[in-house]
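Trainee: please work out how this folds:
(one chain, ligands or ions: 1)
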Amino acid sequence: MLHVGPDELLQSLHWGPRLDVEQAASLLEQPEPRSRSVEDPADGTLALSPTGGYRYAHAGLQIRFADGTRTLDLAFRGARVEGQDTLVLSFEDRCHPLAVEAFFRVVADTDVIERRMVVRHTGGPEDEPFEVLRADSATWVLPGLEDYRISQVRGQWAAEHQLDRTRLPFGETRTASRRGISSHHANPWVMVDDGTASEQVGQVYGCALAWSGSWELVAERTGEDRVALSLGADHPGSRIALAPGEEWPTPVCAGQFTHGGFGAASRAWHRYLRSHVVPHPQELRPVLYNSWEATGFDISLEGQLALADRAARLGVELFVMDDGWFGARTHDAAGLGDWTPNPDRFPDGLAPLTDHVHSLGMAFGLWVEPEMTNPDSDLYRSHPDWVVHAPNRPRTEVRNQLVLDLSRDEVAAFVHDTVDRLLRENAVDFLKWDMNRPLTEVADDRIWSAYVRNLYGILDRLRAAHPAVRIENCSSGGGRTDLGLLARTDQTWISDNTDAADRLHIQHGFSQLYPAQVMGAWVTDSPNPFTGRTTPLAYRFHAAMAGVLGIGADLASWDEAELGRAASLVAQYKAIRPTVQQGRQYRLRPPVRNLSAVQYVSADRSEAVVLAFRLERRFGRTDPALALRGLDPAARYREAGTGRVHHAAVLLARGLPLDLPADDRASNLVHLQRVEHQP
Ligand code: DGJ
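Mentor: Purely as a prediction, here's the structure:
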């Protein structure tokens with residue numbers, strides 16, 4: 001509920017439980033008690049918060065005019081409704097040629113409001129440009145709560161999506177990525193509750209930015225104990241000059257209020273993502289095999305054929321050849337940018353491999369990293385000026401590579417045309433689109449944003465021209481997991497850490513916002529090549545079966561017994577896949593104590609899947625029964641495999657006995673199917 005009063009500021013009157021129009025309008029007659037403070041009562045409560053006036057809270061809109069003025073004096077110019085669902089509020093500065101439009105889209109069948117802003121220079125040729133210092137997509141004002149607690153994820157490479165829940169301190173809490181990617185270190189979303197919400201109970205406010213570049217969140221708790229969340233794209237500190245006639249659009253920031261604790265909040269976000277963001281939500285994601293951990297850069301046609309044969313035996317549906325197939329890419333210091341098959345490794349091109357994979361009944365996927373070049377590549381030798389760099393400064397190499405400056409249209413056209421050609425000339429059904437380093441030496445502030453917009457443009461054009469091709473989003477693991485790329489890719493690689501025990505934590509954090517349907521998860525070898533931890537095959541499978549199952553192990557080294565067990569686990573996954581990928585997720589127990597478990601229930605409640613993992617067993621204690629969620633309480637459910645029948649009411653009230661073996665790394669998968677419903 002928004003209000004523009006006599007001061008013409010955009011005040012947020014209510015964000016929270018749903019009100020109908022009449023109820024909402026009644027808020028205008030019952031304003032919140034006016035603050036007795038001598039401060040400006042609007043401070044910290046504005047949904048569009050420009051600098052200026054007697055206000056000092058974080059300003060989501062900051063401009064510097066040519067004469068040095070940084071204050072804005074916005075007058076309300078009107079409201080219009082676009083389509084059926086979008087309210088647009090227009091403002092103009094009283095003395096400078098600047099207009100602002102604030103968009104509020106009510107997303108059908110969800111509680112999500114998508115917000116964005118456009119800043120426009122409305123002057124003529126005689127007017128000077130002005131600089132946009134900051135244009136947050138949205139400032140979300142929370143109601144007064146007893147206390148405020150903030151939930152976010154933090155991390156690093158191989159440890160993405162670590163959930164962090166902590167009391168919001170007074171002042172400004174900033175979370176950001178300054179890397180030109182949404183980053184492994186933080187993720188552009190936040191949730192806030194009053195400190196009492198649990199997985200099942202409580203009100204949760206949240207917002208997420210649809211952006212894959214640099215971003216910043218300011219969560220401010222004012223002296224008056226009010227909280228606002230301001231979330232925006234671009235590089236903090238950058239200055240974007242807008243000339244007369246130019247405009248600066250922000251990406252979408254989606255926000256929603258939910259009842260029912262963090263579990264319901266996540267399910268509401270999953271529902272929104274699956275119904276409005278992710279492409280092809282009705283399609284089941286295939287079981288894939290990826291060769292990276294098996295071969296590294298040591299790729300050969302024979303090796304890939306042999307892996308494909310074994311993968312097909314397991315029931316794999318999509319075979320993906322990873323890095324090392326092109327140019328001089330026999331290690332990570334050469335070849336990026338030269339996207340033709342390595343002539344020593346694939347003298348007859350990719351056809352012998354793609355044909356073979358297809359003849360085995362699998363789709364074929366190919367790794368690419370089109371935004372990059374190695375200095376040791378033909379591309380870089382021909383176009384050394386195409387990389388992001390600052391003149392007369394050393395070019396920082398990360399993993400021996402430099403970033404192509406996608407903000408330049410000719411470079412973006414090259415990247416598009418290269419991938420387009422690859423798809424036209426080869427029988428490729430799936431791309432793993434990787435991006436293995438952040439941006440450095442960004443000499444022009446416009447690059448941060450233009451890079452991301454051109455990347456989106458490339459993906460949009462490729463998808464339109466190749467509608468059958470599916471894309472996996474990857475950035476050195478989960479460096480670019482965000483709503484912006486999830487709208488343009490079909491699944492995402494969330495971490496290079498494939499250790500099942502670590503993965504439970506990463507998946508737990510990922511699931512706070514993102515649905516299992518887009519969460520790629522591989523079964524790899526034990527001991528894990530990165531962490532050295534030993535885990536049983538079933539444990540590794542069960543962890544990966546909580547998302548989009550993949551296999552990334554060196555199948556050449558697996559014996560017949562392992563291959564046989566793996567094949568039956570893949571078959572089991574196919575039976576539970578619709579429920580995992582398209583059902584509702586309930587986090588039964590987080591991966592913090594002795595036992596962790598997650599449950600999925602199909603939309604019609606006829607199927608449920610429970611995946612339980614022992615983290616450690618202490619003092620010989622028995623496992624607690626797992627109280628399930630979301631079942632049809634009047635029904636009975638039969639366990640596939642054992643045939644055991646349970647009353648749903650008992651499973652909900654008392655729980656499912658787990659019968660896990662005694663080992664520390666024991667796990668179990670229980671697939672429940674409704675037998676009958678007793679009205
Ligand atoms: C980083 C990815 O996350 C890995 O899965 C793999 O594709 C390597 N890049 C290849 O260089």
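
Trainee: looking at the stretch 251-400 of the chain, what residue ends up closest to the ligand?
Mentor: For the stretch 251-400 of the chain, the residue closest to the ligand is Asp323, as judged by CB to the nearest ligand atom, at 3.6 Å. Any C-beta I mention is one placed from the backbone N, CA and C, and that applies to glycine too.

Trainee: next: the stretch 551-679 of the chain.
Mentor: Counting by CB to the nearest ligand atom, the stretch 551-679 of the chain gets nearest the ligand through Gly552, at 7.9 Å.

Trainee: ok, now which ones touch Leu669?
Mentor: His542, Met545, Gln572, Ile576, Val609, Val610, Leu611 (CB atoms under 8 Å, 6 or more residues apart in numbering).

Trainee: quickly list what it is bridged to.
Mentor: Beta-bridge pairing for Leu669 (DSSP bridges): Leu611.

Trainee: where does it land on pLDDT?
Mentor: On pLDDT, Leu669 comes in at 97.

Trainee: for it, give its distance to Val601.
Mentor: Distance, Leu669 to Val601, using CB to CB, to the nearest Å: 15 Å.

Trainee: any buried residues in stretch 71-85, and which?
Mentor: Leu72, Asp73, Leu74 (16 or more other CB atoms under 10 Å).

Trainee: and which of these is nearest Ser26?
Mentor: Nearest to Ser26 out of the buried residues of stretch 71-85 is Leu74 (CB to CB; 26.9 Å).

Trainee: can you report phi and psi for the spatially closest residue to that closest one that is not a sequence neighbour?
Mentor: Spatial nearest neighbour of Leu74, excluding adjacent residues (CB to CB, 6 or more residues apart in numbering): Phe91 at 4.1 Å. Note on Phe91: its backbone torsions stand at phi -130, psi 150 [degrees, to the nearest 10].

Trainee: same deal with Gln599?
Mentor: phi -130, psi 150.

Trainee: quick check: phi and psi on the closest residue to it other than its chain neighbours?
Mentor: Distances taken as CB to CB, 6+ apart put Tyr586 closest to Gln599, at 4.4 Å, once the chain neighbours are dropped. Main-chain torsions, Tyr586, degrees, to the nearest 10: phi -120, psi 120.

Trainee: which residues touch Tyr586?
Mentor: Gly263, Val598, Gln599, Tyr600, Val601, Leu628, Arg629, Gly630.

Trainee: circling back: right, and the residue of the stretch 551-679 of the chain closest to the ligand touches Asp499 too?
Mentor: No - if you go by CB atoms under 8 Å, Gly552 and Asp499 don't touch, sitting 11.8 Å apart.

Trainee: packing partners of the longest helix anywhere in the chain?
Mentor: Criterion DSSP state H: the longest helix present in the chain is helix 560-582. With contacts defined as 3 or more CB pairs under 8 Å, 6 or more residues apart in numbering; DSSP states H and E, helix 560-582 has these neighbours: helix 301-314, helix 537-544, strand 548-551, strand 595-601, strand 607-614, strand 667-677.

Trainee: report the buried residues of the last one.
Mentor: The reference is to strand 667-677. Going by 16+ other CB under 10 Å, strand 667-677 has these buried residues: Ser667, Asn668, Leu669, Val670, His671, Leu672, Arg674.

Trainee: now the second one: closest residue in space that isn't a chain neighbour?
Mentor: So the one you mean is Asn668. Per CB to CB, 6+ apart, closest to Asn668 is Ala612, 4.9 Å.

Trainee: show me where the stretch 251-400 of the chain has strands.
Mentor: Using DSSP state E, counting those that start in this stretch, the strands of the stretch 251-400 of the chain run over 253-258, 288-290, 318-321, 363-368, 372-373.

Trainee: tell me what the last one is packed against?
Mentor: When contacts are defined as 3+ CB pairs under 8 Å, 6+ apart, strand 372-373 packs onto strand 402-403.

Trainee: for the strand it packs on, name the packing helices and strands.
Mentor: strand 372-373.

Trainee: who does the strand it packs on pair up with?
Mentor: Partners of strand 372-373, by DSSP bridges, with direction: strand 402-403 (antiparallel).

Trainee: what angle do strand 363-368 and the next helix or strand after the strand it pairs with make with each other?
Mentor: Following strand 402-403 in sequence order, the next helix or strand is helix 409-425 (DSSP states H and E). Relative orientation of helix 409-425 versus strand 363-368 (axes from the mean of the first three to the mean of the last three CA atoms, to 10 degrees): 150 degrees.

Trainee: now helix 409-425: mean pLDDT?
Mentor: 98.

Trainee: in that helix, which residues are buried?
Mentor: For helix 409-425, by 16+ other CB under 10 Å, it's Val411, Ala412, Phe414, Val415, His416, Thr418, Val419, Leu422, Leu423.

Trainee: count of neighbours near the closest residue to the last one other than its chain neighbours?
Mentor: Counting by CB to CB, 6+ apart, the nearest residue to Leu423 once its immediate chain neighbours are dropped is His466, at 5.1 Å. The number of residues packed near His466 is 17, by other CB atoms under 10 Å.

Trainee: again, but for the one 3 residues further on
Mentor: Applying other CB under 10 Å, we find 18 residues neighbouring Val469.

Trainee: can you check Leu537 too?
Mentor: So Leu537, with other CB under 10 Å, has 18 neighbours.

Trainee: for the closest residue to Arg64 other than its chain neighbours, name its beta-bridge partners.
Mentor: The shortest distance from Arg64 to any non-neighbouring residue, by CB to CB, 6+ apart, is to Glu131 (4.4 Å). Assessed by DSSP bridges, Glu131 has beta-bridge partners Arg64, Ala241.

Trainee: I'd say Glu131 and Ile240 touch.
Mentor: Yes - with contact defined as CB under 8 Å, Glu131 and Ile240 form a contacting pair (6.5 Å).

Trainee: more neighbours: which of those two?
Mentor: Neighbours per residue (other CB under 10 Å) separate Glu131 from Ile240, with Ile240 holding more: 22 against 16.

Trainee: any chance of the contacts of Leu669 in JSON lines, with pLDDT too?
Mentor: Output for those, formatted as JSON lines (pLDDT from 0 to 100):
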{"residue": "His542", "pLDDT": "98"}
{"residue": "Met545", "pLDDT": "98"}
{"residue": "Gln572", "pLDDT": "98"}
{"residue": "Ile576", "pLDDT": "98"}
{"residue": "Val609", "pLDDT": "98"}
{"residue": "Val610", "pLDDT": "98"}
{"residue": "Leu611", "pLDDT": "98"}
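
Trainee: need the contact list for Arg533.
Mentor: Asp499, Ala501, Asp502, Ser526, Pro527.

Trainee: to clarify, my last question referred to Thr51.
Mentor: Residues in contact with Thr51 (CB under 8 Å, 6+ apart) are Ala59, Leu61, Gln62, Ile63, Arg70, Thr71, Leu72.

Trainee: now with 10 Å?
Mentor: 58-64, 69-72, 133-134 (CB atoms under 10 Å, 6 or more residues apart in numbering).

Trainee: any idea how far Thr69 is from the residue nearest to Arg64?
Mentor: From Glu131 to Thr69 the distance is 11 Å (CB to CB).

Trainee: shared neighbours, these two?
Mentor: Ile63.

Trainee: sorry, back to before: pretty sure the residue nearest to Arg64 contacts Gly237?
Mentor: No - using CB atoms under 10 Å, Glu131 is not in contact with Gly237, being 11.7 Å away.

Trainee: okay, and which of the buried residues of stretch 71-85 map to strands?
Mentor: Those of the buried residues of stretch 71-85 mapping onto strands are Leu74, per DSSP state E.

Trainee: between the buried residues of stretch 71-85, which is nearest the ligand?
Mentor: Leu72 (43.2 Å).

Trainee: surely that closest one is in contact with Pro50?
Mentor: Yes - proximity of Leu72 to Pro50 meets the contact threshold set by CB under 10 Å, at 3.8 Å.

Trainee: perfect, I'm done here.
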